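Asks: just to be clear, the model below is a prediction. Sequence and coordinates:
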Amino acid sequence: MTETFGQRSPTPRERELILLIGRGLPNKEIANELSISKNTVRVHIRNIMRKYGLHNRTQIAVMFRMKSAATTTETLSDPSEEKVLSRSPGPVVST
């Protein structure tokens, strides 16, 4: 199942960026992870912000976290997301 944020679904590349931004990676690390330039990362971020009416990357991260919290039992259907997840384990949180 493809995640949607409002009425519009993110593209596969936008989903990758949203996942990495949600994990707190800076543009340089996102560029390295995805084998693209930092400028291309900035363009994708700008497109995501325009598409969803956001004003900064923090709002992208919050949108991702809110969506993730709302769908705690969801499984990934896109192999590219699994690849990103395996390369970028988020912060470890102990309870």
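Replies: Arrived safely. Residues are numbered from 1 along each chain as shown.
Asks: ok, the closest residue to residue 45 other than its chain neighbours - how many residues close by?
Replies: Spatial nearest neighbour of residue 45, chain neighbours left out: residue 57 (5.9 Å); criterion: C-beta to C-beta, 6 or more residues apart in numbering. C-beta here means a position set from N, CA and C on the backbone, and glycine is covered the same way. Counted with other C-beta atoms under 10 Å, the neighbours of residue 57 add up to 20.
Asks: what about residue 57, distance to residue 64?
Replies: 10 Å (C-beta to C-beta, to the nearest Å).
Asks: now do the shared contacts for these two.
Replies: residue 21 (C-beta atoms under 8 Å, 6 or more residues apart in numbering).
Asks: next up, the contacts around the residue nearest to residue 45.
Replies: 21, 45, 49.
Asks: and the pLDDT at the first one?
Replies: Spelled out, it's residue 21. As predicted, residue 21 sits at a pLDDT of 94.
Asks: distance of the residue nearest to residue 45 from residue 65?
Replies: In terms of C-beta to C-beta, residue 57 sits 13 Å off from residue 65.
Asks: can you show me the strands along this structure?
Replies: Using DSSP state E, the chain contains no strands.
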